[in-house]
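A.B. asks: fold the stuff below for me.
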Amino acid sequence: MRQLIYILTIFATITSCNNVGQNKELSKLDSITINQNSLTNNPTDNSEIVEINCDSIYADKGISIKLIPLDTNKVNEPKYKFIFLTIKQQNGRSIEIFRDTIESTIQEVKFTDFNNDNIKDILIQNISDVRSNWTYNLYIIDKNLGFIRKIKGFEEIKNPNYLPKYDLIDNMVMSGRNWTSFYKIVGNNIKDYEIVIYDGEDENGKVTYDEDYKKAIKTILTK
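C.D. replies: Below is the predicted model of the structure:
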């Protein structure tokens with residue numbers, strides 16, 4: 001299998017993490033998105049190694065990440081299964097500081113602070129459902145970039161959006177009637193507040209999303 005390595009040092013698109021219908025005042029956050037499919041003429045070929053030099057994100061830390069496809073010829077292996085590696089250059093050596101096995105359909109990587117420490121964390125696209133609701137794997141990076149922890153259960157959140165003002169996560173899920181729920185990172189896990197609010201008109205023709213959103217935030221913060 002021929003493997004091409006894409007060095008994505010310069011290409012970075014600054015995007016907003018806001019989702020449609022959410023309170024824009026609550027979700028102002030910039031992220032850097034790097035998408036392998038923007039740089040290859042064969043975006044459906046998952047036999048390629050993706051390598052990202054992170055110098056423009058983690059200055060002078062010698063950090064790079066790789067997505068290495070597993071053998072897709074094996075019957076029991078999902079087509080989009082990858083080894084995710086984080087590598088640090090130290091004293092002239094390449095040291096592996098983190099490894100995980102994940103699924104990713106398009107290998108999009110985002111760098112966004114998800115825990116309010118001003119260090120961009122790593123999100124790697126997981127799957128997209130029939131309504132194009134995306135999920136991600138989340139890896140929290142410590143300030144010295146010597147330690148990485150995966151947040152368990154984060155990959156279950158569709159269209160995750162971080163609210164730095166409240167240190168919470170919300171989303172906007174496209175469905176028969178769009179809905180929003182609320183979460184928080186607690187240790188290495190996700191806390192689901194089990195609050196769901198709906199966008200659009202209710203059975204009485206009323207639209208109460210904004211009001212319900214404010215009530216939900218207040219309820220969470222007073223618990």
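
A.B. asks: now do the buried residues in stretch 50-64.
C.D. replies: Neighbour-count burial for stretch 50-64, counted by 16 or more other Cβ atoms under 10 Å, picks out 50, 51, 52, 54, 57, 58, 61, 62, 63, 64. Every residue, glycine included, has its C-beta placed from N, CA and C.

A.B. asks: does the second one sit in a helix or strand, and which one?
C.D. replies: So the one you mean is residue 51. Using DSSP states H and E, residue 51 falls within strand 49-53.

A.B. asks: any idea of the angle the helix or strand following that strand forms with strand 49-53?
C.D. replies: Counting by DSSP H and E, the element after strand 49-53 in chain order, helix or strand, is strand 63-69. Here the directions of strand 63-69 and strand 49-53 differ by 170 degrees (axes from the mean of the first three to the mean of the last three Cα atoms, to 10 degrees).

A.B. asks: now the residue nearest to the spatial centre of the chain: how far from residue 81?
C.D. replies: The centroid of the chain falls nearest to residue 123 when counting by Cα atoms, centre = their mean (3.1 Å). Distance, residue 123 to residue 81, by Cβ to Cβ, to the nearest Å: 18 Å.

A.B. asks: same question, residue 220
C.D. replies: Taken as Cβ to Cβ, the span from residue 220 to residue 81 is 36 Å.

A.B. asks: give me the sheet partners of the strand holding residue 51 and which way each runs.
C.D. replies: Strands adjacent to strand 49-53 in the sheet, as given by DSSP bridges, are strand 5-7 (parallel), strand 63-69 (antiparallel).

A.B. asks: quick one: distance of it to the chain centre.
C.D. replies: Here strand 49-53 is found 17 Å from its chain centre; the criterion is Cα atoms, centre = their mean, to the nearest Å.

A.B. asks: quick one: mean pLDDT over that strand.
C.D. replies: Average pLDDT, strand 49-53: 94.
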